[in-house]
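J.: Quick check, what structure comes out for this input:
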Amino acid sequence: MSLSENEKSLIHARKADIFTLTDEIFDMLPNCKMQKDEILNRMARIFFILRDVTAISNNLILEPQLTTFRNDFLFIHTMFEQDERQKIIQKRIEYFCVDANSVIIREK
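T.: Residues are numbered from 1 along each chain as shown. Modelled structure (predicted):
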């Protein structure tokens with residue numbers, strides 16, 4: 001069963017939300033340690049948007065998979081807690097954002 005026009009519109013809108021959130025995150029990257037909570041909050045929102053998109057239809061496949069985003073989020077959170085070097089954290093956040101913006105949502 002293919003997606004309805006409403007479902008397609010919703011997916012496009014949610015992808016636009018992801019773009020907005022990642023754009024905000026990129027603006028915060030130069031001071032990522034000072035803005036840790038705001039960055040993690042936006043990353044969590046991205047994860048929940050992706051989860052919502054996959055819930056629209058049982059007929060959707062998300063690439064990379066949702067578990068990849070969850071694991072990346074948890075890893076970045078741990079890096080903040082362990083006080084890793086800012087450049088390393090920034091790079092991991094960049095990868096997360098790029099993956100979120102380039103996610104492929106296709107029908108089974």
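
J.: Could you list the low-pLDDT ranges of this structure?
T.: 1, 57-60, 108 (pLDDT under 70).

J.: Show me the longest helix that occurs in the protein.
T.: helix 5-28 (DSSP state H).

J.: List the buried residues for that one?
T.: 11, 14-15, 18, 21-22, 25, 28 (16 or more other C-beta atoms under 10 Å). Glycine gets a C-beta too; all of them are placed from N, C-alpha and C.

J.: so what secondary structure elements neighbour that helix?
T.: Using 3 or more C-beta pairs under 8 Å, 6 or more residues apart in numbering; DSSP states H and E, the elements in contact with helix 5-28 are helix 36-55, helix 86-101.

J.: Can you tell me what sits against the following helix or strand past the first one?
T.: Same thing as helix 36-55. Per DSSP states H and E, the first helix or strand lying C-terminal to helix 36-55 is strand 60-63. For strand 60-63, the surrounding residues in contact (C-beta atoms under 8 Å, 6 or more residues apart in numbering) are 3, 50, 53-54, 103-108.

J.: filter the residues you listed to the buried ones?
T.: Among those, the ones that count as buried (16+ other C-beta under 10 Å) are 3, 50, 53-54, 103, 105.

J.: Tally up the residues packed near Asp72, please.
T.: Residues within reach of Asp72, counting by other C-beta atoms under 10 Å, total 19.

J.: Not counting residues beside it along the chain, what's closest to it?
T.: Distances taken as C-beta to C-beta, 6 or more residues apart in numbering put Phe96 closest to Asp72, at 5.0 Å, once the chain neighbours are dropped.

J.: Could you do Ile49 as well?
T.: Closest to Ile49 by C-beta to C-beta, 6+ apart is Arg14, at 5.1 Å.

J.: Which residues are in contact with that neighbour?
T.: 49, 52-53.

J.: Make CSV out of the buried ones among the contacts of strand 60-63 and add distance to Thr67.
T.: Below are those laid out as CSV (distance: C-beta to C-beta, whole Å):
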residue, distance to Thr67
Leu3, 23
Leu50, 11
Val53, 15
Thr54, 11
Val103, 13
Ile105, 16
